[in-house]
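Student: Compute the structure for the input listed below.
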Amino acid sequence: MTIPALYIYIISVSWKILCVIVFVLIGISCAAPPRQQPPVEIIPLNESYEDVETPVPGNVLAAEADGGQGGAPFDPNTVTPELYYETKENIAHFINDLNVIIKSKNYNKWLTYLDDDYYAYISSPEYLQRVSTSGILQSKGIVLSNVYDYFINVVVPSRSYGRVDDIEFISENRVKAITLNKMQRLLLYDLEKTQNGWKIVTPNSKNS
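Tutor: Reported below is the predicted structural model:
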């Protein structure tokens, strides 16, 4: 092989290798889960979601960062694309089933989707009073006295058509379900995977 022909051969091989590398990088970027941005936490007070800032103690945030285990912090970057999409699909099915239950106003069935701590959280007099004095409930003169009142007047109007657009891993078993509304990330549910399936848990307080 002559020297010019050798140069042409080397350039041709190098170009093919470069093309292969570019296609591989493009494939990896397409398969990776979307970059996560902190969602705005919401409390359902009417038919459209409201943005509500919820104070969170620093020690709770620290506990969430290490998955509540007291060891090395949980790294969301360790979540594989396969785990991300599989978990998102499972949560989408969970919320679709939940939507049907809420639309049918099946209170007793809805209760089975709640974590015990979350039930205690929404049944506290302080929480019920805070929700009663916020937004459309106050304007309608609705006062919540128990969890059933909360379900009928808050959950049914605001959570019957929940949609999962993204998920955010907090720990191996703890996930935030995110919905997008006008380019804003809103927290739909805090969820935890248990032996009995996914459960709704208290925002920023209960960890896996």
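Student: need the longest strand for the chain.
Tutor: strand 184-194 (DSSP state E).
Student: Show residues contacting whatever helix or strand comes next after it.
Tutor: Per DSSP states H and E, the first helix or strand lying C-terminal to strand 184-194 is strand 197-200. Strand 197-200 has contacts (CB atoms under 8 Å, 6 or more residues apart in numbering) with 90, 91, 94, 113, 114, 115, 118, 189, 190, 191, 192. In this view, the C-beta of every residue, glycine as well, is placed from N, C-alpha and C.
Student: what do you get if the cut-off is 10 Å, keeping everything else the same?
Tutor: Residues outside strand 197-200 that contact it (CB atoms under 10 Å, 6 or more residues apart in numbering) are 87, 90-91, 93-95, 97-98, 110, 112-119, 122, 159, 173, 175, 177, 188-193, 206.
Student: Counting only strands, which of these make the cut?
Tutor: 175, 177, 188, 189, 190, 191, 192, 193.
Student: How many neighbouring residues does the first one have?
Tutor: Put plainly, it is residue 175. For residue 175, the count of nearby residues is 26 (other CB atoms under 10 Å).
Student: Format the CA atom coordinates belonging to stretch 112-124 as PDB.
Tutor: Written as PDB, here are the backbone C-alpha positions of stretch 112-124 (Å, rounded to 0.1, in the frame of the first residue of the first chain):
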ATOM      1  CA  THR A 112     -55.900   1.900  52.100                       C
ATOM      2  CA  TYR A 113     -53.600   3.900  49.900                       C
ATOM      3  CA  LEU A 114     -52.500   6.100  52.800                       C
ATOM      4  CA  ASP A 115     -49.500   5.500  55.100                       C
ATOM      5  CA  ASP A 116     -50.500   5.500  58.800                       C
ATOM      6  CA  ASP A 117     -48.300   8.500  59.500                       C
ATOM      7  CA  TYR A 118     -49.900  10.400  56.600                       C
ATOM      8  CA  TYR A 119     -53.400   9.600  57.900                       C
ATOM      9  CA  ALA A 120     -52.400  10.900  61.400                       C
ATOM     10  CA  TYR A 121     -51.000  14.000  59.700                       C
ATOM     11  CA  ILE A 122     -54.100  14.900  57.700                       C
ATOM     12  CA  SER A 123     -56.400  14.100  60.600                       C
ATOM     13  CA  SER A 124     -54.800  16.400  63.100                       C
END
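Student: which other residues reach it?
Tutor: 94-95, 97-98, 101-102, 106, 111, 127-128, 130-131, 144, 146-148, 150-151, 154-155, 189-192, 194, 196-203, 205-206.
Student: can you rerun that using 8 Å?
Tutor: 98, 101, 111, 127-128, 146-147, 150, 192, 194, 198-202, 205-206.
Student: Check these for burial and list the buried ones.
Tutor: With burial judged by 16 or more other CB atoms under 10 Å, the buried subset of those is 98, 101, 127-128, 147, 150, 192, 198-202, 205-206.
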